[in-house]
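Trainee: what would the 3D arrangement of this be:
(one chain, ligands or ions: 1)
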Amino acid sequence: MGEGLRASGVQREHIFVTTKISPSHFAPRDLERAAKDSLMRLRLSEIDLLLLHWPNPQVPLSETLEALCEVKRAGLTRHIGVSNFEVTDIDEAVRHASEPLVCNQIEMNSFVDRPKLTAACRAHHMAVVAYCPIARGEANNDAVLKRIGHAYGKSGAQVSLRWLVQQGISVIPCTSRIERLSENYSIFDFELSEAEMSEISSIARRRSRLATLMSPMRAFALKTLPAPATSVLRIGYRMLRRVMGGTAR
Ligand SMILES: NC(=O)c1ccc[n+]([C@@H]2O[C@H](COP(=O)([O-])OP(=O)(O)OC[C@H]3O[C@@H](n4cnc5c(N)ncnc54)[C@H](OP(=O)(O)O)[C@@H]3O)[C@@H](O)[C@H]2O)c1
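Mentor: Predicted structure coming up:
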């Protein structure tokens, strides 16, 4: 990412850099070191937004929050926030934070709605940032989204993004293709009707979440372990997901 930033020639102040602290680095000393390591790898003097990636019940949240706030006060990051925090986690985090927690980054898209969680974030004046906002491309294959989009000359992905931003939610779609970058950005020239918003909300309760705490660990293990071990891991992970559903942690 740091190399990309420098190669792009875009001025630093025109790019908003967010990074996350892994739950395995939530102990205060580890957290500070992890933030410094991120800055060193990015070769930046300051991060724009630093998030706690997932709650970690093994480390008292009060200690983690104190360390996160300290990192902000030391100037390593401009803003701090959380990710994948549920309602009770947010209440507790806000109680312990001596600096504002600006957002909760959570999975939300036209298949996954989180009304109670978004209401809790709003009550604490935290922005909701939706990751996987086009369900990793699946939004483009959905019949309802395609039909709604057709009337506006928009794709299913654009309808999914519009459904989110129209609720005041920030979206961070990811793409490696320049034409999709423009497509994903072109969502501010149309407005979904109330009926369309409700219809999408009704399909949003259909599916389970795509991302789990297992996802980054699994990706790392699949990359580093030898083939027989990865086969066993794949089978185990599939079984776990079947038992626990999409929210398997
Ligand atoms: N906080 C967390 O725990 C967490 C978890 C997961 C993800 N995230 C963050 O959320 C961001 C986005 O999430 P994500 O990448 O998992 O999901 P996403 O943005 O919903 O989907 C990205 C995928 O969809 C494809 N795509 C992009 N635009 C498209 C379009 N217009 N039509 C069809 N397909 C399209 C992309 O492929 P191409 O590259 O081929 O376009 C890519 O494979 C990332 O920055 C990620 O770091 C955070």
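Trainee: pull up the residues of the chain that are close to the ligand.
Mentor: By the rule Cβ under 6 Å from any ligand atom, the part of the chain lying against the ligand is 53, 83-84, 105, 131-137, 140, 155, 157, 172-177, 180, 183-184, 211. Any C-beta I mention is one placed from the backbone N, CA and C, and that applies to glycine too.
Trainee: drop anything exposed from the residues you listed.
Mentor: Buried members of the residues of the chain next to the ligand, counted by 16 or more other Cβ atoms under 10 Å: 53, 83-84, 105, 131-135, 140, 155, 157, 173, 180, 183-184, 211.
Trainee: narrow the residues you listed to those in helices?
Mentor: 157, 180, 183-184 (DSSP state H).
Trainee: centre of the chain versus stretch 149-168, how much separation?
Mentor: Stretch 149-168 has its average C-alpha position 19 Å from the chain's average C-alpha position, going by Cα atoms, centre = their mean, to the nearest Å.
Trainee: gap between V165 and the ligand?
Mentor: From V165 across to the ligand, the span is 14 Å (Cβ to the nearest ligand atom, to the nearest Å).
Trainee: could you pull up the residues touching that residue?
Mentor: V165 is in contact with 171, 187-188, counting by Cβ atoms under 8 Å, 6 or more residues apart in numbering.
Trainee: low-confidence ranges in this structure?
Mentor: By pLDDT under 70, the low-scoring segments of the chain are 205-210, 212-249.
Trainee: who does the residue nearest to the spatial centre of the chain bridge with?
Mentor: By Cα atoms, centre = their mean, the chain has its centre lying nearest to Y131, at 3.7 Å. Counting by DSSP bridges, Y131 is bridged to E107.
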